[in-house]
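Engineer: Let me see the structure of the following:
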Amino acid sequence: MAKISGNEIRPGTIIEHDGGLWASVKVSHVKPGKGGAFAQVELKNLRDGRKLNERFRSEDKVEEVRLENKDQQFLYETDGRLVFMDAETFEQAEVDAELLGDRRPFLQDGMTATVQYYGDEALSVQIPQKVRCRVVEAEPVMNGQTATKSYKPAVLENGVRVMVPPFIGVDEVIIINTDLMEYSERA
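Structural biologist: Predicted coordinates:
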C-alpha cells in the first residue's frame, strides 16, 4: 500500500481509513477564503455499504489500497454463496451472493465475471454489461401501437420484469444492459 496526500484522492480511489476499506464516491476540492485548502470526500465502505463524509487536508496522509481483479467463471450457487473458478489455476472460490445485489438474476452458468479481491477477501463482483435473456411472457402487439415510442412489460427467463418495445414477443432473445437494468437491443 502506498501513502498519498489528502489532495490526491480522486473518485474511485480506494483507501484504508478508520480500520476499514473505503471507496471515494465524490471529491470536491475547497479553498476557503481563510485557512488551508482541503478535499471534501464522500466515502463508501466496501464491506458494509455505509457512507461517510470526511475532510482531508493536503498534509493528511492516507493509505491507498490496490485491489486485484480476477476474471473467474461462475459455476453454481449454494446456500447464498456463489462458487467461481479461476480460469488459470482452476481454484474455486466462494463469494457472498449479496455482492451482486439486484444484478444477481443476470448471472448465468458458465459466465465470466470480474471479482475484486483484497488479499483473499472478495469485495465486489462485476458481471458483463450486456447479457442475453429470453422473454417468457409479453403482451401481444396491438395494431397502431408502434406508431409512437411505447414500451410494454415483459418477464424474462430469470424472473426479472423489464419494459420492452412492442415488437418483442415471447421466446425472443434480447440483450439487457445490467448497469441500467433495462432493454438494450434484440439479440
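Engineer: Am I right that Gly49 is in a strand?
Structural biologist: No: counting by DSSP: H, G, I helix; E, B strand; the rest coil, Gly49 falls outside a strand, being coil.
Engineer: what's around it, how many residues?
Structural biologist: When counting by other CB atoms under 10 Å, one arrives at 9 neighbours for Gly49. Every C-beta, even on glycine, is put in place using the N, C-alpha and C of the backbone.
Engineer: Need the pLDDT of it.
Structural biologist: Per-residue confidence at Gly49 stands at 82 (pLDDT).
Engineer: So for the chain, the centremost residue is which one?
Structural biologist: Gln126 (5.3 Å; CA atoms, centre = their mean).
Engineer: show me the residues around it that make contact.
Structural biologist: 113-116 (CB atoms under 8 Å, 6 or more residues apart in numbering).
Engineer: among these, which two are most distant?
Structural biologist: Maximum pairwise distance among these (CB to CB): 10.3 Å, between Ala113 and Gln116.
Engineer: what touches both of the two?
Structural biologist: By CB under 8 Å, 6+ apart, the residues touching both Ala113 and Gln116 are 125-126.
Engineer: quick one, which of the two is more surrounded?
Structural biologist: Using other CB under 10 Å as the criterion, Ala113 and Gln116 rank with Ala113 on top: 21 against 17.
Engineer: which residues in the protein form helices?
Structural biologist: Here the chain has no helices by DSSP state H.
Engineer: Show me how it divides into domains.
Structural biologist: Split into domains by automatic domain parsing, the chain comes to 2-64, 68-126, 130-186.
Engineer: Which residue of this protein lies farthest from its centroid?
Structural biologist: Lys34 (40.1 Å).
Engineer: how close does it get to Asn7?
Structural biologist: 18 Å (CB to CB, to the nearest Å).
Engineer: residues in contact with Asp86?
Structural biologist: By CB under 8 Å, 6+ apart, Asp86 lies in contact with 70, 72, 92-93.
Engineer: Then Pro11?
Structural biologist: Counted by CB under 8 Å, 6+ apart, Pro11 has contacts 24-27.
Engineer: just Ala37 next, same as before
Structural biologist: 7, 29-31, 57-58.
Engineer: Which of the contacts of Asp86 fall within strands?
Structural biologist: 70, 72, 92-93 (DSSP state E).
Engineer: and those, which are buried?
Structural biologist: The neighbour count (16 or more other CB atoms under 10 Å) marks 70, 72, 93 as buried among the ones in strands among the contacts of Asp86.
Engineer: Am I right that the first one is in contact with Thr114?
Structural biologist: Yes: the pair formed by Lys70 and Thr114 meets the contact definition of CB atoms under 8 Å, at 7.1 Å.
Engineer: Need the contacts of Gln126 in a markdown table (columns: pLDDT).
Structural biologist: Listed next are the contacts of Gln126 as a markdown table, based on pLDDT from 0 to 100:
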| residue | pLDDT |
| --- | --- |
| Ala113 | 93 |
| Thr114 | 92 |
| Val115 | 90 |
| Gln116 | 89 |
